[in-house]
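Chemist: Predicted model and sequence follow; I will ask about them next.
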There are 2 protein chains.
Amino acid sequence: MRATIQDVARRAGVSATTVSHTFSGHGVVAPGTRERVREVARELGYRPDAIARGLRSNRLGVLGLVVRPLDTLDTVLPDGVDYFLRFAGSAALAAVERGYGLMLVPDPSQDDSPAIGLACDGFLITEPVANDPLISLLTRDCVPFLGVGQDPARPMTEDYLDVATDRLTTEVLDHLAETGGTRVALVLGTDPNAWNRDAEAAYLAWTAARGQDPVVLRRAETAGQAGGHTAGEELFRLAAPPDAVLCQTGRQAAGVLAAARERGLSVPGDVRIAAGSDSEHTRAARPTITAADLRPDRLARTAVATLVARIEGAAPPEPAGPPDYALVVRESTAGPDAGRGGIPGA
Amino acid sequence: MRATIQDVARRAGVSATTVSHTFSGHGVVAPGTRERVREVARELGYRPDAIARGLRSNRLGVLGLVVRPLDTLDTVLPDGVDYFLRFAGSAALAAVERGYGLMLVPDPSQDDSPAIGLACDGFLITEPVANDPLISLLTRDCVPFLGVGQDPARPMTEDYLDVATDRLTTEVLDHLAETGGTRVALVLGTDPNAWNRDAEAAYLAWTAARGQDPVVLRRAETAGQAGGHTAGEELFRLAAPPDAVLCQTGRQAAGVLAAARERGLSVPGDVRIAAGSDSEHTRAARPTITAADLRPDRLARTAVATLVARIEGAAPPEPAGPPDYALVVRESTAGPDAGRGGIPGA
DNA sequence: ATGAAAGCGCTAACAC
DNA sequence: GTGTTAGCGCTTTCAT
């Protein structure tokens, strides 16, 4: 059995209180006593129990990460989707640096979710859905949280990190136009999140400003590449087919690309294709597909810093400028920068 | 404040025990009573507190994941390394399916690690180091764990998942030979784990069997692509330079590739290059680099299933055959399959 | 500077 | 079937 605070207290000839103070640094303990306690603790291999401590202090030292798009998925993460994995990995590292563990949990507002889910000190919710039930729950219980991306049905507050989907979308659209696209279509996902909503809004504004007729298709995120494929077929069958297509996901873009080639269209000669999020699919396709890199690593670090500040009642970290992202230009649009895409050196 | 079991008990006119039984399903509660309790709980928004429950039952519902190679890293995950991210993501999903949360934690045997780290019900340790201190600690405290990869200094037991590095290494070496390599060099990492050790052993056996002189270089994993680059320079400066190089990491392989081209060597004409682990670098390099896909997703699922079985005292899951992996053949070796690499369709 | 005692919210014996 | 009674390991007043 693991040593308890009592074991240490007895062996060191002090009370549990003193041991507690020694480790928490809260009370005042004589230096000599402190040393003796530490020594005994080392001998016994004692480490304070985080659960018991958590029961008293209501602080477990764990951040919960809820990845909304995983909830719509049936079971496994689709091959090649690495945005969330990268986000989770970077968030975990950032959490650990601040003395927290990071736990990936299923929606704790669902009754059948593991109870531990609710015990986290705070939550990161990536791409909340409209009127996200978890946000309602956390708000009611006064549990700190941070949405990465807005709840599309709630007002924008500092409870949400701006991921600048509109600016990003506009930039990709501009790139498609600059490289020769004149009729740009949009393929969206169906999850009711701000990412889809903002991309659509930006697209509509962009086409309106240029006097183009918008063409928007929707395919469930879960349909993956196959969804993109049917979207592509539908687009290229139109009387006035688009000569450029922006897809929200890399998988959809890969599907559109396949549909284009099946129809004998050359890419990027006849059609330019770009994706609103980078993934294995955009990199592996031939030609490689231009995509927006949402920089999940930086986003995650910012999110963790902000959430931890909120939990600890500190001031939020410096905004560190607007959200960061990068357009990775690849062969599918053959812009002036084609071929520069890829990973940074060294 | 969140409702407690007492609040529910009072309001439902029963004792806390009955409420407890209602939710844990342990005791026997009259159907009518159960319904009433559930109803009151719903009204009050009561959910059992996982921490208090954990204090009693010594079961938190959390698996800890310790990624050893992250410990050698200074701060952030190097760009392009996705093995561990994929492993972590898949493990988290698998854990959640079994009612557990998955928490990425820094080595809990370190004194300065967050205390919550030790509170996990069991641990997954990827690529344990020699005489891994965490394994000593967990063994002493009888905490279930599973090494993903062996502890190179401890005897192989069922506490470790076999990742078949030797078979995999041999297969890549065979591929290099089949595509024209006659003098194959090996670039290893320096972490004292079974992955490096087994790869070297397999290489030495393979060269010995073919009567070749082994050439082994070591570069710290942290040196990344730069380390591979200096290794490549050293190799190609030899009197009898290799015509094939196997690197443990994709980053090293990318570095060797760069060194080869700088020296005017053609790939795969003069030199064939392959990597023992896939990463963004092997996919993004030009030519693309052949690599072993360690299938972190499957490995993670197997690992979680095994660990959970151990925690719950159940029989381990069916071994499901030998560990799985795949050689992703790419342009850098121009074998008979060249060009087939990439992601599965649909 | 140190200790005694009262819980944190829940579960597990054991009555009834 | 349901309630009573002790705690789980720790922190936290409040004495001393």
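Modeler: All right, it came through fine. Residues are numbered from 1 along each chain as shown, chains lettered A, B, ... in the order given.

Chemist: Could you use CA atoms for every contact and neighbour count after this?
Modeler: OK.

Chemist: which stretches of chain A form strands?
Modeler: For chain A, the strands defined by DSSP state E occupy A:62-67, A:101-104, A:122-126, A:145-148, A:160-161, A:184-188, A:216-218, A:244-247, A:272-275, A:290-293, A:326-328.

Chemist: Please identify the deepest-packed of the ones you listed.
Modeler: strand A:272-275 (a mean of 32; mean count of other C-alpha atoms under 10 Å in any protein chain shown).

Chemist: residues from the stretch 101-250 of chain A in reach of chain B?
Modeler: A:101-106, A:113-119, A:141, A:224-226 (C-alpha under 8 Å from any C-alpha of the partner chain).

Chemist: ChimeraX command for the buried members of the residues you listed?
Modeler: Restricted to buried positions by 16 or more other C-alpha atoms under 10 Å in any protein chain shown, the ChimeraX selection for those reads:
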select /A:101,102,103,104,105,106,113,114,115,116,117,118,119,224,225,226
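
Chemist: What residues are bridge-paired with the residue lying closest to residue A:257 once chain neighbours are set aside?
Modeler: Nearest residue to residue A:257 in three dimensions, chain neighbours excluded: residue A:273, at 7.0 Å (C-alpha to C-alpha, 6 or more residues apart in numbering or on different chains). Applying DSSP bridges to residue A:273 gives these bridge partners: residue A:245.

Chemist: Could I get the contacting residues of residue A:124?
Modeler: Each residue near residue A:124 by C-alpha atoms under 8 Å, 6 or more residues apart in numbering or on different chains is listed here: A:63-66, A:145-148, A:303-304, A:307.

Chemist: so for stretch A:207-215, what's the average pLDDT?
Modeler: If you average the pLDDT over stretch A:207-215, you get 96.

Chemist: and it, which residues are buried?
Modeler: Buried residues in stretch A:207-215, counting neighbours by 16+ other C-alpha under 10 Å, are found at A:207, A:214-215.

Chemist: What are the boundaries of the helices in the stretch 1-150 of chain A?
Modeler: Using DSSP state H, counting those that start in this stretch, the helices of the stretch 1-150 of chain A run over A:5-12, A:16-24, A:31-44, A:50-57, A:68-72, A:83-97, A:133-141.

Chemist: cool, the stretch 201-346 of chain A as well?
Modeler: Using DSSP H, counting those that start in this stretch, the helices of the stretch 201-346 of chain A run over residues A:224-236, A:250-262, A:280-284, A:296-311.

Chemist: With respect to burial, which of the ones you listed scores highest?
Modeler: Stretch with highest mean neighbour count among the helices of the stretch 201-346 of chain A: helix A:250-262 (a mean of 26; mean count of other C-alpha under 10 Å).

Chemist: who's in contact with that one?
Modeler: Here helix A:250-262 has contacts from A:187, A:224-233, A:236, A:246-247, A:266-267, A:271, A:273-282, A:285, A:289, A:291, B:346, using C-alpha under 8 Å, 6+ apart.

Chemist: the inter-axis angle of it versus helix A:224-236?
Modeler: If you take axes from the mean of the first three to the mean of the last three C-alpha atoms, to 10 degrees, helix A:250-262 sits at 50 degrees to helix A:224-236.

Chemist: The helix or strand of chain A with the lowest mean pLDDT close to chain B?
Modeler: Every helix and strand of chain A was ranked by mean pLDDT, DSSP states H and E. The lowest is helix A:68-72, at a mean of 76. No. Using C-alpha under 8 Å from any C-alpha, helix A:68-72 never reaches chain B; the gap is at least 8.9 Å.

Chemist: could you say what helices and strands that helix packs with?
Modeler: strand A:122-126 (3 or more C-alpha pairs under 8 Å, 6 or more residues apart in numbering or on different chains; DSSP states H and E).

Chemist: Can you give me every residue that contacts residue A:34?
Modeler: A:19, A:22.

Chemist: which non-adjacent residue is nearest the residue of the stretch 201-346 of chain A found nearest DNA strand C?
Modeler: Per C-alpha to the nearest atom of the strand, residue A:311 is where the stretch 201-346 of chain A lies closest to DNA strand C, at 18.2 Å. Nearest residue to residue A:311, sequence neighbours excluded (C-alpha to C-alpha, 6+ apart): residue A:144, at 6.1 Å.

Chemist: Pretty sure that neighbour sits against residue A:119.
Modeler: No. Residue A:144 lies out of contact with residue A:119 (C-alpha atoms under 8 Å); the separation is 11.7 Å.
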